[in-house]
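Asks: Okay, here's the prediction I keep looking at, along with the sequence it came from:
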Amino acid sequence: MARAATTSDAFNAVAEPRRRDILSYLATEERSVTEIVDLMEIEQPSVSKHLKVLKGVGLVEARREGRQMLYKTNPIAIRPLHEWTRTFERLWRHQLLRIKEQAEANNAQK
């Protein structure tokens, strides 16, 4: 089965680690492309390409201020990603509880 294009939905878009890094960086405040380039230490065309994908699936929003484009995350679009990962929190907690119980049982046997 062919893999969906990165521009088809948020899940495919965030499959790329650099795009996740950009989203994390934009989570706290609106930033310019220049600021993202400086932080990420990658070329401006690459950052612009990643931002285009993120904007295309709605994960970031852009606005022009003078000559600069400023980007910020779109929390409404990120919500489905968050909700999907939350389904696994119960599994992780259950696994951690099992590890804790096993460690305590092993410690009690000593």
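Replies: Looks like it arrived, so ask away. Numbering: from 1, shown residues only.
Asks: What residues does the nearest residue to Ala10 once chain neighbours are set aside make contact with?
Replies: In this structure, Ala10 finds its nearest non-sequential neighbour in Val57, 4.9 Å apart by Cβ to Cβ, 6 or more residues apart in numbering. C-betas here are computed from N, CA, C, even on glycine. Each residue near Val57 by Cβ atoms under 8 Å, 6 or more residues apart in numbering is listed here: Thr7, Ser8, Asp9, Ala10, Asn12, Ala13, Ala77.
Asks: can I assume the fourth one is in contact with Asn74?
Replies: In other words, Ala10. No - at 9.7 Å, Ala10 does not count as touching Asn74 under the criterion of Cβ atoms under 8 Å.
Asks: Now do the shared contacts for these two.
Replies: Jointly contacting Ala10 and Asn74 under the rule Cβ under 8 Å, 6+ apart are Gly58, Leu59.
Asks: distance of Asp21 from Gln44?
Replies: Per Cβ to Cβ, to the nearest Å, Asp21 is found 15 Å from Gln44.
Asks: hmm, I was thinking of Arg64
Replies: When Arg64 is compared with Gln44 (using Cβ to Cβ), they lie 17 Å apart.
Asks: got it, and Val57?
Replies: Taking Cβ to Cβ, one finds Val57 at 21 Å from Gln44.
Asks: mind listing the helices for the protein?
Replies: 10-13, 17-26, 33-40, 44-56, 75-86, 89-109 (DSSP state H).
Asks: out of these, deepest packed?
Replies: Stretch with highest mean neighbour count among the helices of the chain: helix 10-13 (a mean of 18; mean count of other Cβ atoms under 10 Å).
Asks: thinking again about what came up before, can you add mean pLDDT and distance to Met69 and give the helices of the chain back as JSON lines?
Replies: What follows is the helices of the chain, written out as JSON lines (pLDDT from 0 to 100; distance: least, Cβ to Cβ, whole Å):
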{"stretch": "helix 10-13", "mean pLDDT": "91", "distance to Met69": "18"}
{"stretch": "helix 17-26", "mean pLDDT": "94", "distance to Met69": "12"}
{"stretch": "helix 33-40", "mean pLDDT": "93", "distance to Met69": "6"}
{"stretch": "helix 44-56", "mean pLDDT": "95", "distance to Met69": "8"}
{"stretch": "helix 75-86", "mean pLDDT": "87", "distance to Met69": "18"}
{"stretch": "helix 89-109", "mean pLDDT": "83", "distance to Met69": "35"}
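Asks: Sounds good, over and out.
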